[in-house]
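> build me a model:
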Amino acid sequence: MRFRVEETIFDFEYLDEAEQDRLMASWHKSVAVECLCHGERHILNPLLYVKQVNDGLFFANYPSNAKNNVRHDYKCRYNRQGYRSLLQDKGVQVIDDEIRVNLDMDPSRPKSEKAAGPASAKLTDIKPRGKSEPTDRKVQLTTLFFTMLQEFKVTEFRPGGKRNIASRLYKIAKIIKVNGMPLFDMLYVADNKANWPKRDKHQFIIGWGRRSMPAIAHPTNPKFVRLPISSVDDPERLVTELTVLRSIYEQCTNPVPDVDSGYYVLFRGPTKKGDTNIWDRQLCFIPAEEQRTRIPVDSSAEAGLIQYLAEGRRHFERPLIGNVTELFSEQRIDIILHDTEPKTIIALDEGGSILQKKQDGYVGKGFQFIAWDGKDSFPL
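Predicted coordinates for the structure are as follows:
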């Protein structure tokens, strides 16, 4: 995220969290901040101001943006009519500066059954709701996790920028409520610090793992396994062996079998109203590119392309909810290069008429377009 204040550009990708907080505190209530989501050469940029929400500082839109029809880029998290408008279709409510989620505890369980089931982690599985469905419908665990990653731009890679995935996840958790409870209070992210999850506190656990390093038997209780969890900021750093119910672990499958690495996301909670115990409810494995970005992917070809672009020091973005523009939001997600003029969109070749439709649609909006079949040499 890049901003301009009094002709000085601040790129938060290159600043640690303490420096970001210091700048936002100095801008609080008194400074108009230009959002450079369209690029620094854009003539009329939307304005933001810094407001306090609970104990944190966050950006909010000036009312003049809507009044003067000054809009953010479609993918910008401050665009309420862009990417964030899709969240409501997935059951995620954005009210003022708070995100509210009623989490689906048993996503694969038919209403007539009582047994819990696993959550699916395939990026393309999530379908938008029809207009007749209620807006307070329950949210998939993966949708919540994708929202967290996309809100703080883990989906964007900028050469030289600091990834700081764990700190970004903790920061966005400050404005999220899950089933009426502050997510920050129950969140544990495996990072580079010597901290371990506490079962009586941490109900939402995020870590890095490899399917080639499966869980091992618990030494004393056969109903549990121990799952190796590494840092999301350094996958080579083993943080802990997480104790998980064997039945929950065995229901967690890899939706992209030829991608070995990715995020484990575990949610713990009561099984019924009035239950004071905390049980393992859902475990998801979300495949992602490991070497440079930790961006979730839908295929090994996509993981290879993302790693290639990162190693080539390209500035690019791969959304998780919606697409790179308002077009084709229900089709396979594309990648956008921000370092070309005009910007370039790369689409993995799905065959059929959709590829031609994408080319016509994107070129018609002024983008360059590249289709890649995932087999030949990389397109750039």
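> Q291: what secondary structure?
coil (DSSP: H, G, I helix; E, B strand; the rest coil).
> can you list phi and psi of it for me?
phi -70, psi -40 (degrees, to the nearest 10).
> nearest residue to it in space, please, no chain neighbours.
Q307 (5.2 Å; CB to CB, 6 or more residues apart in numbering). The C-beta positions use only the backbone N, C-alpha and C, and glycine is treated the same way.
> any idea how far that neighbour lies from V33?
Distance from Q307 to V33, counting by CB to CB, to the nearest Å: 34 Å.
> okay, those two: which has more neighbours?
Using other CB atoms under 10 Å as the criterion, Q307 and V33 rank with V33 on top: 21 against 18.
> related to what we said a few turns ago, the residue nearest to Q291 should be in a helix, yeah?
Yes - under three-state DSSP, Q307 sits within a helix.
> quick check: the gap between it and D234.
On the measure of CB to CB, Q307 and D234 end up 16 Å apart.
> what does V50 give?
For V50, the distance to D234 equals 31 Å [CB to CB].
> who touches P270 in this structure?
276-279 (CB atoms under 8 Å, 6 or more residues apart in numbering).
> so which of those sit within strands?
W279 (DSSP state E).
> save the contacts of P270 as CSV, and put in neighbour count too.
Putting the contacts of P270 into CSV (neighbours: other CB atoms under 10 Å) gives the following:
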residue, neighbour count
T276, 5
N277, 9
I278, 16
W279, 15
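> out of the contacts of P270, which is nearest to K174?
Among the contacts of P270, I278 lies closest to K174 (CB to CB), at 21.9 Å.
> show me what the helix or strand hosting F285 is packed against.
Using DSSP states H and E, F285 falls within strand 279-287. Where contact means 3 or more CB pairs under 8 Å, 6 or more residues apart in numbering; DSSP states H and E, strand 279-287 is packed against helix 141-151, strand 238-245, helix 246-250, strand 261-269.
> need those in JSON lines (columns: distance to L86).
Formatted as JSON lines, the helices and strands packed on strand 279-287 follow (distance: least, CB to CB, whole Å):
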{"stretch": "helix 141-151", "distance to L86": "10"}
{"stretch": "strand 238-245", "distance to L86": "31"}
{"stretch": "helix 246-250", "distance to L86": "29"}
{"stretch": "strand 261-269", "distance to L86": "20"}
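> what residues are up against the closest residue to F145 other than its chain neighbours?
Closest residue in space to F145, ignoring its immediate chain neighbours: V265 at 5.2 Å, by CB to CB, 6+ apart. Contact analysis of V265 by CB under 8 Å, 6+ apart lists 121, 141-142, 145, 204-206, 282-284, 286.
> and if we set it to 10 Å?
119, 121, 141-142, 144-145, 148, 204-207, 252, 282-286 (CB atoms under 10 Å, 6 or more residues apart in numbering).
> before we move on, what about D200?
268, 278.
> kindly report the same for the one 5 residues further on.
Contact analysis of I205 by CB under 10 Å, 6+ apart lists 186-190, 197, 199, 227, 229, 240, 242, 244, 264-268, 280, 283.
> in whatever helix or strand it lives in, what's buried?
Assigned by DSSP H and E, I205 belongs to strand 204-210. For strand 204-210, burial by neighbour count (16 or more other CB atoms under 10 Å) applies to 204-210.
> closest one of those to R292?
Nearest to R292 among these is W208, at 13.6 Å by CB to CB.
> what sits against that closest one?
165, 189-191, 228-239, 261-264, 288, 290, 294.
> how about it: which residues does it bridge to?
On the basis of DSSP bridges, W208 is bridged to S230, Y263.
> distance of it from A303?
The value you get for W208 to A303, if CB to CB is used, is 14 Å.
> same question, S377
16 Å.
> ok, the two, which is more surrounded?
Neighbour tally, S377 and A303, criterion other CB under 10 Å: the higher count belongs to A303, 25 against 7.
> in which helix or strand does that one reside?
Using DSSP H and E, A303 falls in helix 300-311.
> same for that helix, what does it pack against?
Packing contacts for helix 300-311, counted by 3 or more CB pairs under 10 Å, 6 or more residues apart in numbering; DSSP states H and E, involve strand 156-157, strand 279-287, strand 316-317, strand 335-337, strand 344-348, strand 368-372.
> and the direction of the longest one versus that of strand 261-269, what angle?
If you take axes from the mean of the first three to the mean of the last three CA atoms, to 10 degrees, strand 279-287 sits at 160 degrees to strand 261-269.
> buried residues, strand 279-287. List them.
Quick answer for strand 279-287 (16+ other CB under 10 Å): 280-287.
> so which of the residues you listed comes closest to M24?
Using CB to CB, the buried residues of strand 279-287 come closest to M24 at I286, 29.9 Å.
> partners of the closest one in the sheet?
If you apply DSSP bridges, the partners that I286 bridges to are Y263.
> what does the model give it for pLDDT?
Looking at I286, its pLDDT is 97.
> got it, and V94?
pLDDT at V94 comes out at 84.
> spit out the contact partners of the residue lying closest to V324 once chain neighbours are set aside.
Leaving aside its chain neighbours, V324 sits nearest to I336 (4.1 Å; criterion: CB to CB, 6+ apart). Residues near I336 by CB under 10 Å, 6+ apart: 75, 156, 315-319, 323-325, 343-346, 362, 367.
> taking helix 141-151 as reference, get the angle to the strand holding I205.
90 degrees.
> can you name the next helix or strand after strand 204-210?
Beyond strand 204-210 toward the C-terminal end (DSSP H and E), the next one is strand 216-217.
> now the residue nearest to the spatial centre of the chain: how far from I336?
Of all residues in the chain, the one closest to the mean position by CA atoms, centre = their mean is L149, 2.2 Å from it. From L149 over to I336 the distance is 16 Å, taken as CB to CB.
> same deal with F146?
Taken as CB to CB, the span from F146 to I336 is 17 Å.
> okay, now the unreliable bits of the stretch 51-200 of the chain?
54, 80-82, 96, 107-136 (pLDDT under 70).
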